[in-house]
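Asks: model the structure of this input:
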Amino acid sequence: MVKKQGGLSVDSLLVVIILSGIVFFWWDSVGAKERARETGRQYCQNAEVQFLDDTVELVKLRMRRNYHGQLCFYRTYRFEFSSTGESRYQGRVYMLGKLADKVQMDAYPLI
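Replies: Numbering: from 1, shown residues only. Take a look at the predicted model:
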């Protein structure tokens, strides 16, 4: 028998907490991906190369402490760019929580 507290069973409360966590993670992931895409696009624009496909792809997710010591998600996104229009090269945007931590780009030929 499940003990009820204030009209909700313990099982129902657990389900609500789990679903809330899933929704939070999804919402946070959508925002992080959009910020990573904008960061990659801006970085390519500054480097005078073409940001291809207007998208980024999540390739790694882990937990890491931010600069204030709080645990947050550390995501690595991959994007593609071209300097000549003929070859594709890869870049990566590292997101620490909601902020871009760093951007790396493969070596590419200058036009």
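Asks: helices and strands of this protein: which one bottoms out on pLDDT?
Replies: Every helix and strand of the chain was ranked by mean pLDDT, DSSP states H and E. The lowest is strand 4-5, at a mean of 53.
Asks: distance from the chain centre to whichever helix or strand comes after that one, please.
Replies: Downstream of strand 4-5, the first helix or strand assigned by DSSP states H and E is strand 8-9. The chain centre lies 35 Å from the centre of strand 8-9; the measure is CA atoms, centre = their mean, to the nearest Å.
Asks: can you check stretch 62-75 too?
Replies: The answer for stretch 62-75 is 12 Å, by CA atoms, centre = their mean.
Asks: what comes up buried for it?
Replies: 72-75 (16 or more other CB atoms under 10 Å). Where C-beta positions appear, they are placed from N, C-alpha and C, glycine not excepted.
Asks: for these, give me TSV that also has secondary structure and distance to residue 86.
Replies: Compiled in TSV, those are given as follows (DSSP: H, G, I helix; E, B strand; the rest coil; distance: CB to CB, whole Å):
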residue	secondary structure	distance to residue 86
72	strand	39
73	strand	36
74	strand	34
75	strand	30
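Asks: which SS class is residue 39?
Replies: helix (DSSP: H, G, I helix; E, B strand; the rest coil).
Asks: phi and psi next, for the nearest residue to residue 37 once chain neighbours are set aside.
Replies: Counting by CB to CB, 6 or more residues apart in numbering, the nearest residue to residue 37 once its immediate chain neighbours are dropped is residue 56, at 4.8 Å. Backbone geometry at residue 56, expressed as degrees, to the nearest 10, gives phi -130, psi 160.
Asks: hang on, isn't residue 56 packed against residue 78?
Replies: Yes - between residue 56 and residue 78 there is a contact under CB atoms under 8 Å: 6.6 Å.
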